[in-house]
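Participant: just need the structure, nothing else, for what follows:
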Amino acid sequence: MSGKRLLMFIAGLVCLCLIFPMIPASADTDVLVIDGIRFKVDRESMTASVCGAESETLTKLTIPGEIPFEDKKIPVTSVADYAFEDSALKTVKFGENIEIIGEGAFAFSTSLKKAVFPSGCKEIGDAAFFMCESLEDIDIGSATGVTYIGEGAFAGTALTDFIIPDKTEEIGGSAFSGCTRLTGVTVGKKCSWIGDGAFSGCSVLSDISVSSKNKYLSFKDGCLYSADGKILLSAAAAKGDITLPEGLEAIQPYAFEDNAKVSSVVLPKSLKELSEYSFYNCTGLNKITLGDKLSFIGDNAFSGCSGIKTITIPAATETIQGNPFKYCTKLSKIKVASGNKKYKAVKGMLTSYNKKTIIAAPAKSGSYTLYSKCRSIGAFAFCGNTKLERLELNPELKSIGAAAFYDCEGLKYMYFPNSSISLPESEYIEDIYSEDMLYCPVFGNCSGSLEINIPFEAESGGKGSLEYLINLHTGRKAVITTR
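Facilitator: Just a heads-up that it's a prediction; the model follows:
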């Protein structure tokens with residue numbers, strides 16, 4: 001799993017556990033302790049759920065099929081959300097009546113090595129075994145009733161192969177992300193959808209075998225497609241030089257994420273939209289050819305592709321979301337095809353059509369004086385550029401966007417010609433994919449010796465002044481000079 005997605009999962013799990021550390025008993029429930037295991041009884045359905053253990057040192061868990069309650073026996077049908085999160089468990093065997101394994105049920109149980117599932121299990125919840133990094137022995141083939149495997153369910157585990165049961169209809173996003181020992185996956189006959197980044201970071205995955213009876217999916221040249229070939233779901237097993245087939249209309253977000261085995265890709269003319277994070281962190285990718293009819297390129301589509309040296313934006317491209325080329329440290333030449341009415345290339349950088357806004361300059365190197373037509377440096381425009389050392393802004397520049405120079409570790413000097421250049425009033429911006437606020441200081445993680453020269457009469461340094469904003473966006477680490 002990529003760092004970004006891993007942190008998102010961890011943050012979500014931690015927050016949920018802080019808010020709901022234990023599900024209290026209500027008027028319709030009772031909590032029992034039997035042989036050191038806690039059970040919650042639902043009187044309405046007369047079923048029980050496993051909700052934890054009395055001892056934090058429990059290493060072996062065997063969940064019974066039934067437990068005694070009052071004058072009868074009732075079935076144990078589920079494992080509650082976060083019931084054994086961060087436990088010391090090494091093995092778990094589920095009772096024959098277990099149908100649902102809840103969200104985060106065994107997450108972060110780093111000693112867990114073996115899990116045996118019952119045939120009647122229907123649902124493995126989101127992040128159920130998330131980051132169980134020792135989990136390598138898993139009997140899932142006998143769980144013939146599983147219809148859903150949740151988001152991040154087995155992410156970060158030590159699985160080497162996995163059989164998706166025939167009744168499984170859906171695999172959630174990031175379900176196996178970061179399983180660095182996973183070599184093969186077998187997909188059953190009813191699986192019709194595999195979510196975003198389901199196999200991201202599975203660095204040794206070489207084969208995804210799809211049942212001959214499956215009418216929804218197909219596998220070719222390391223890529224998993226919808227049966228009609230219109231959607232590429234995952235390219236985690238792809239390697240070498242890839243030419244994607246004509247007829248392909250959509251590539252799922254994170255489809256190629258973290259795949260270091262692919263060296264070049266040719267996109268077909270039929271592809272009109274390239275999703276965000278499609279080729280995120282493909283460090284082995286050194287050449288990409290975009291199809292002539294590509295109209296949309298999503299944010300971070302190529303971020304972290306540190307091997308790409310040149311790319312040509314097609315004439316048909318009408319929308320580029322954010323900066324798709326963050327941390328493309330060798331991408332020194334961005335070209336725009338003749339006839340494009342939305343974008344231009346200026347000195348190897350991607351700009352708006354009127355050249356007034358810089359969109360991407362991931363590998364601009366050495367010393368550079370900003371061209372005279374530029375009025376705005378867009379958000380994240382130079383993000384991850386480690387080669388830029390000195391930058392002189394032009395007198396006509398009006399604004400610098402959020403995180404424009406984030407992680408520009410080589411930047412040592414910047415010249416501000418006047419005090420009218422505006423910077424964001426905050427270090428935070430709203431994430432375009434959620435309501436979360438992202439920490440995005442303009443000069444975040446820049447060189448500790450960064451000098452910012454403002455050779456004019458400095459303002460008071462009060463809130464809203466240029467000096468104040470520079471200090472805000474450098475954490476007061478920059479040296480402000482007036483020479």
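
Participant: next, the contact list for S278, please.
Facilitator: Residues in contact with S278, defined by C-beta atoms under 8 Å, 6 or more residues apart in numbering, are 251-256, 298, 301-302. For every residue, glycine as well, the C-beta is placed using N, CA and C.

Participant: export the residues you listed to CSV and tack on distance to L233?
Facilitator: CSV is the format used below for the contacts of S278 (distance: C-beta to C-beta, whole Å):
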residue, distance to L233
I251, 9
Q252, 5
P253, 11
Y254, 10
A255, 7
F256, 11
G298, 16
A301, 17
F302, 19
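
Participant: which residue ranges of the stretch 351-483 of the chain form helices?
Facilitator: 466-474 (DSSP state H, counting those that start in this stretch).

Participant: for it, what are the low-confidence residue spans?
Facilitator: 432-434, 457-462, 464 (pLDDT under 70).

Participant: could you pull out the strands in it for me?
Facilitator: Listed from the start of the chain, the stretch 351-483 of the chain has strands (DSSP state E, counting those that start in this stretch) covering 357-360, 366-369, 376-377, 388-392, 399-400, 413-415, 428-430, 437-439, 451-453, 479-481.

Participant: what pairs with the longest one, parallel or antiparallel?
Facilitator: In this case it means strand 388-392. Sheet pairing of strand 388-392 (DSSP bridges) gives strand 366-369 (parallel), strand 413-415 (parallel).

Participant: that older thread, pick the most buried one from the strands of the stretch 351-483 of the chain.
Facilitator: With neighbours defined as mean count of other C-beta atoms under 10 Å, those peak in mean count at strand 357-360, which reaches a mean of 24.

Participant: any idea how far that one is from the chain center?
Facilitator: 24 Å (C-alpha atoms, centre = their mean, to the nearest Å).

Participant: show me what that strand is in contact with.
Facilitator: Contacts of strand 357-360 (C-beta under 8 Å, 6+ apart): 320, 323-326, 334, 343, 346, 349-352, 374-378, 381-382.

Participant: let me have the strands of the stretch 351-483 of the chain in CSV, extended by distance to K60.
Facilitator: As requested, those are exported to CSV (distance: least, C-beta to C-beta, whole Å):
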stretch, distance to K60
strand 357-360, 54
strand 366-369, 62
strand 376-377, 59
strand 388-392, 56
strand 399-400, 58
strand 413-415, 60
strand 428-430, 46
strand 437-439, 43
strand 451-453, 60
strand 479-481, 60
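
Participant: contacting residues around G475?
Facilitator: Taking C-beta under 8 Å, 6+ apart as the test, what G475 contacts is 441, 444.

Participant: tell me the spacing between it and K355.
Facilitator: 32 Å (C-beta to C-beta, to the nearest Å).

Participant: burial of P245, as a residue count?
Facilitator: 13 (other C-beta atoms under 10 Å).

Participant: do you know how far it is from G229?
Facilitator: P245 is 6 Å from G229, by C-beta to C-beta.

Participant: same thing with S203?
Facilitator: 26 Å.

Participant: same check on D166?
Facilitator: 23 Å.

Participant: cool, S200 as well?
Facilitator: S200 is 22 Å from G229, by C-beta to C-beta.

Participant: got the phi/psi numbers for the closest residue to D166 other than its chain neighbours?
Facilitator: Distances taken as C-beta to C-beta, 6 or more residues apart in numbering place G188 nearest to D166, at 3.8 Å, with adjacent residues excluded. Per-residue torsions, G188: phi -70, psi -180 (degrees, to the nearest 10).

Participant: worst-scoring helix or strand of this protein, pLDDT-wise?
Facilitator: Of all helical and strand segments in the chain, the minimum by mean pLDDT, DSSP states H and E falls on helix 3-19, at a mean of 49.
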